[in-house]
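In: quick check, what structure comes out for this input:
(chains A and B)
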Amino acid sequence: MVEHMKKTLILMVIFVFTLGFAYPLLGTFLSQEIFNFQANGSITGNGSLLIGQTWSGPSWFHGRPDGSLVTLGNGNVIVSGTNQPGPSSKALRNFVKKQAAILRADGIIPTNDLVTPSGSLVDPDISPQDAYAQVPAISNARHISQSKLLTLISQSIHPREFGFLGNSYIDVLEINTKLASLS
Amino acid sequence: MSLAITLAVLFLLLAVIWRFLGQYLVCVYSGKVCFLGFVERPIYRILGVNKDSEQTWKRYSGALIIFSSVSLILSYAILRLQGQLPFNPQHLGAVPQALSWNTSVSFVTNTNWQNYAGETTMSYFSQMVSLSVQQFLSAAAGVAVAVALIRGFARNNASTIGNFWIDMIRGVFYIFLPISFIAGLIFVWQGSVQTLKGPALITNHLTGITQTIARGPAGFMEAIKEFGTNGGGFFNANGSHPFENPTALTAFLSIILLLSIPVALTYTFGKMVGNIKQGLALLAAVVFIFAIWTGFSLKAEASPNPAVSAAHVVSQNNGNMVGKETRFGSNLTDLYNISSTQTSTGSVAGANDSFTPIGGFWLLTGMMLGEVTPGGAGSGLYTLLLFALIAVFLGGLMVGRTPEYLGKKIQAKEVKLAAFGILVMPITVLILVGIAVSIPSGRAGVSNFGPHGFTEILYAFTSQANNNGSAFAGLNGNSDFYNIAGSIAMLLGRFMIMLPCLALAGVLAAKNISPDGLGTFKTDTPMFAVLVIGVILVVGGLTFFPAVALGPILEGLTHGKLY
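Out: Prediction:
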């Protein structure tokens, strides 16, 4: 018993030093040296490429309707994944209806991703189909030809990893930044 | 098509890992590799451990219990003292008592149930030193117990089952630390954050919107979170958060990491008992059940979400996307979540709570089988061996001989220990769920109404008693009732299975290995795999059917009735 305790305490000091400090701190040092951009949050001039933002009005590509659930940008740290409606929840049905009405008001035909909240609630991406659905609205609002927007979309598609993993997607911040420089 | 390729690549990679990691584990735990001798030897010297010394099962258990208790106290103390400790750029104060207790129990038992949001609760110091350290140690302890039990089967007339200190040290330094470090770099390369700088305040000049983005040393925690089948994430959204799981590649890597050790251990088992086919028979049973659960849940999540259908505004041709990330889609999210619920990992790439009723059914019941398909790091194999013993016992009854497993006579004592280890989990779950639905503070945590609310409670205790840690996160578990009841479930589900396993190891090691006779029931055959499958399904099915009928089955049968 006493002997176990003594060994435990010594071993715990060793493990705290190696696993609690050396592992994450050496990892941080290497990450900062080799992958500086990613390690600090993939932050560009207008936000992180990996954290979704609220884009309202018909002149921007909209992302997943997460912003209305986590109020992105009220000065507090964003807490991810806080809303997880069940599949038989009236609140979810009403949310989807309301979201579809907002999209229609902007002249967008709703798609599945554009009316449903993501898991993280900071999903930075939309599918190419979601982007195509927004072309007529953006074209009207910005007076850009639809063909230019279609080209923009096809240039912004991130294909499936290795051609088979996950889904192809478009980063909303990335495409909107390109859109802003287009007009 | 891409799903078929994903599954095929996963299968092939795991086959390679089964063979080579399995062999490596044999070498690590039998002391055959020693390239890190320069790290090991000084530690043994300071500890006063002889590298050839061994322990009886009682001393082994004693060391495990004391080590885990000290881990618990350390982890708790750090959370309570967080405000005074460094690496705390957000100046977060102490974590409240009940929550600190629940959280430390959770990480020490390899559960990683989280009643808090990492972004606003945990300092970087707490994440690194209180939580991440336990992610390593609990995984290493799980594998140590599994290996001790294997030694029990493999040894002839022996009084010892290995040395806890040596198993822990070798497990951490030869397996968990190096592989996690490499995986951590891959996560960061793909986009996980790994920084000690505090949250980033950013302004979008196009829209004028400002955001405060939580950051931290998440990438390397992610690696051990998956590889140690822990599942506790840095951020509240766990593996659906782009800073934890930035790309489909990291999602796939996570799936590989969390399945690696549980799958490889079946090879280690076969090799150490001298017949790889013994491990293969168990693996076949596991793969069969895993494949059924995965197939049906993939199909369920490719179907529409009933609540979204009820709004009649979109066609859900890409499946149920509520609570799922665009970059993963419904298939990869489901593959991730079903793998993680069946390995006692419990990390999620999308919201479990938003799965379709039938999708949720497969997540929940996957855990109810006792986390053996393939289960957690170590815990999966030792629990699976308990089921194998029951299968052998039934087989013995059928042919009318004293059952034997791997040459060891299986008698009343062994069967009692195995039955005890298997029954602890269902008894704990059903009693605690019964209490929770009977008292106001239990019902208060539910956020969805109707049968889904009941499923949230059932899921919570099933997850904790199985040391899984995934959640139907609509349940608000951060109340005194859930924090304390949950900690009881986690402790019983961990140590009341580990201790019978270690006792079994001791009893079995002391027995003779008798050569196979003519009437011996063969345990390295497809027939035995079928028997093991039967035992797992019957035990899980019979104990939980009534409870599951009131939850996901009822919700599925009401065909889109909303609450």
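In: contacting residues around the worst-scoring helix or strand of chain A on mean pLDDT?
Out: None of the helices or strands of chain A scores lower by mean pLDDT, DSSP states H and E than helix A:67-70, at a mean of 76. Helix A:67-70 is contacted from outside by A:52-54, A:73, A:78-80, A:82-83, A:117, A:121-122, using CB atoms under 8 Å, 6 or more residues apart in numbering or on different chains. Placement of C-beta: from N, CA and C, glycine included.
In: mind doing that once more with 7 Å?
Out: Helix A:67-70 is contacted by residues A:53-54, A:78-79, A:82-83, A:117, A:121 when judged by CB atoms under 7 Å, 6 or more residues apart in numbering or on different chains.
In: repeat for stretch B:367-381
Out: Under the contact criterion CB under 7 Å, 6+ apart, stretch B:367-381 has outside partners B:110, B:139, B:142-146, B:228-229, B:259, B:261-263, B:265-266, B:269, B:286, B:289-290, B:341-345, B:366, B:383-384, B:387, B:422, B:425, B:462-463, B:466-468, B:536, B:540, B:544.
In: same for the helix or strand following the least confident helix or strand of chain A, what does it pack against?
Out: Using DSSP states H and E, the helix or strand that follows helix A:67-70 in sequence is helix A:90-105. With contacts taken as 3 or more CB pairs under 7 Å, 6 or more residues apart in numbering or on different chains; DSSP states H and E, helix A:90-105 sits against helix A:112-115, helix B:306-311.
In: and the helix or strand just after the first one, what other elements does it pack with?
Out: This means helix A:112-115. Downstream of helix A:112-115, the next assigned helix or strand under DSSP H and E is strand A:125-126. Secondary-structure packing of strand A:125-126 (3+ CB pairs under 7 Å, 6+ apart): strand A:169-171.
In: at 10 Å instead, please
Out: helix A:112-115, strand A:169-171, helix A:172-182 (3 or more CB pairs under 10 Å, 6 or more residues apart in numbering or on different chains; DSSP states H and E).
In: so where's chain A shaky on pLDDT?
Out: Low-confidence segments of chain A (pLDDT under 70): A:71-74.
In: try it again at 90.
Out: Scanning chain A for pLDDT under 90 picks out A:1, A:56-57, A:66-76, A:81-86, A:88, A:182-183.
In: quick one on the thing from earlier: dump the helices and strands packed on helix A:90-105 to TSV, plus mean neighbour count and distance to B:Phe521.
Out: Below are those laid out as TSV (neighbours: other CB atoms under 10 Å in any protein chain shown; distance: least, CB to CB, whole Å):
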stretch	mean neighbour count	distance to B:Phe521
helix A:112-115	26	53
helix B:306-311	22	47
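In: looking at those helices, which is closest to B:Thr103?
Out: Among the helices and strands packed on helix A:90-105, the nearest to B:Thr103 by CB to CB is helix B:306-311 (31.9 Å).
In: run the chain-centre distance for the next helix or strand after the closest one.
Out: For helix B:306-311, the following helix or strand on the C-terminal side (DSSP H and E) is helix B:329-341. In terms of CA atoms, centre = their mean, to the nearest Å, the centre of helix B:329-341 is set 15 Å apart from its chain centre.
In: residues contacting B:Ser447?
Out: Shown in contact with B:Ser447 (CB atoms under 10 Å, 6 or more residues apart in numbering or on different chains): A:83-86, A:89, A:91, B:353, B:453, B:456, B:472-476.
In: now it: which helix or strand?
Out: Judged by DSSP H and E, B:Ser447 forms part of no helix or strand.
In: just want to check the distance between it and A:Ile138.
Out: 37 Å (CB to CB, to the nearest Å).
In: show the buried residues in the contacts of B:Ser447.
Out: When neighbours are counted using 16 or more other CB atoms under 10 Å in any protein chain shown, the contacts of B:Ser447 contain these buried positions: A:83-86, A:89, A:91, B:353, B:453, B:456, B:472-475.
In: any chance of those residues in JSON lines, plus distance to B:Leu3?
Out: Below are these laid out as JSON lines (distance: CB to CB, whole Å):
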{"residue": "A:Asn83", "distance to B:Leu3": "28"}
{"residue": "A:Gln84", "distance to B:Leu3": "25"}
{"residue": "A:Pro85", "distance to B:Leu3": "26"}
{"residue": "A:Gly86", "distance to B:Leu3": "26"}
{"residue": "A:Ser89", "distance to B:Leu3": "28"}
{"residue": "A:Ala91", "distance to B:Leu3": "31"}
{"residue": "B:Asp353", "distance to B:Leu3": "24"}
{"residue": "B:Gly453", "distance to B:Leu3": "32"}
{"residue": "B:Glu456", "distance to B:Leu3": "29"}
{"residue": "B:Phe472", "distance to B:Leu3": "25"}
{"residue": "B:Ala473", "distance to B:Leu3": "26"}
{"residue": "B:Gly474", "distance to B:Leu3": "28"}
{"residue": "B:Leu475", "distance to B:Leu3": "31"}
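In: where does the prediction get shaky in the stretch 351-500 of chain B?
Out: B:395-402, B:445-452, B:471-477.
In: need the residues of it near chain A, please.
Out: Neighbours of chain A within the stretch 351-500 of chain B, by CB under 10 Å from any CB of the partner chain: B:351-360, B:447-453, B:455-456, B:471-475.
In: can you pull the buried residues of the helix or strand containing B:Leu280?
Out: Assigned by DSSP H and E, B:Leu280 belongs to helix B:276-301. Within helix B:276-301, the residues that count as buried by 16+ other CB under 10 Å are B:276, B:278-290, B:293-294, B:296-298, B:300-301.
In: and B:Ala237, what does it touch?
Out: Contact partners of B:Ala237, counting by CB under 10 Å, 6+ apart, are A:79-82, A:84, A:118-123, B:117-119, B:243-245, B:323, B:325, B:348-351, B:473.
In: distance check, the closest residue in space to it that isn't next to it in sequence against B:Phe235.
Out: Closest residue to B:Ala237 apart from its sequence neighbours, by CB to CB, 6 or more residues apart in numbering or on different chains: A:Gly81 at 2.8 Å. Counting by CB to CB, the gap between A:Gly81 and B:Phe235 amounts to 7 Å.
In: overlap in contacts of these two?
Out: Residues touching both A:Gly81 and B:Phe235 (CB under 10 Å, 6+ apart) are A:120, A:122, B:117, B:119, B:241.
In: save those residues as a markdown table, and put in neighbour count and distance to B:Arg45 too.
Out: Supplementary listing: those in a markdown table, determined by neighbours: other CB atoms under 10 Å in any protein chain shown; distance: CB to CB, whole Å:
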| residue | neighbour count | distance to B:Arg45 |
| --- | --- | --- |
| A:Ser120 | 34 | 47 |
| A:Val122 | 31 | 49 |
| B:Ala117 | 18 | 44 |
| B:Glu119 | 26 | 43 |
| B:His241 | 31 | 43 |
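In: of those residues, which is the nearest to B:Gln135?
Out: Nearest to B:Gln135 among the shared contacts of A:Gly81 and B:Phe235, with distances taken as CB to CB, is B:His241, at 17.1 Å.
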